[in-house]
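1. Turn this into a model:
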Amino acid sequence: MIERHVTFNVIPGKEKDFETVFKEEYSVAMSRQPGFVSVILLKEHEKEAIYQMVIRFQSFETAAAWRDSVEHKGLSPKIKTLYSESNVQVYEVIAQKKAS
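-> Numbering: from 1, shown residues only. I've put the predicted structure just below:
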């Protein structure tokens, strides 16, 4: 499994628009992709315009298929109008423990 952490510097005043696009469009389209595991949107506590999207896919290949999909390419320009900068880190999930 792989996990992508994407940090966004959202344009001040566009935070609610960013959250709405994520909730109503971006996460919905992503969740329909083969290999999708989960996605979470986090907002930094002390810096209101800093968000992190934590995305999990079953493999590097299924994550790449999402980025190459028609849905992602269609939503990408829309979400890009809401942030000034983004940074991506990709991890391989080695171990995980969930609450029982």
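2. contacts and neighbour counts: CA atoms only from here.
-> OK.
3. what residues are up against the nearest residue to residue 55 once chain neighbours are set aside?
-> Nearest in space to residue 55, with sequence neighbours left out and distances taken as Cα to Cα, 6 or more residues apart in numbering, is residue 39 at 4.4 Å. Going by Cα atoms under 8 Å, 6 or more residues apart in numbering, residue 39 touches 27, 53, 54, 55, 56.
4. Flag every buried residue along the helix or strand where residue 39 lies.
-> Per DSSP states H and E: residue 39 is located in strand 36-43. Residues 36, 37, 39, 41, 43 are the ones in strand 36-43 that count as buried (16 or more other Cα atoms under 10 Å).
5. which helices and strands does the very next helix or strand once past it pack with?
-> Heading C-terminal from strand 36-43, the first helix or strand you meet, by DSSP H and E, is strand 50-57. With contacts defined as 3 or more Cα pairs under 8 Å, 6 or more residues apart in numbering; DSSP states H and E, the packing partners of strand 50-57 are strand 2-10, strand 36-43.
6. what distance separates the host helix or strand of residue 75 from the middle of the whole chain?
-> Following DSSP H and E, one finds residue 75 within helix 70-80. Distance of helix 70-80 from the chain centroid (Cα atoms, centre = their mean, to the nearest Å) equals 12 Å.
7. pLDDT score assigned to residue 100?
-> Confidence at residue 100, expressed as pLDDT, is 84.
8. just residue 96 next, same as before
-> 89.
9. Next, work out how far apart it and residue 81 are.
-> For residue 96, the distance to residue 81 equals 35 Å [Cα to Cα, to the nearest Å].
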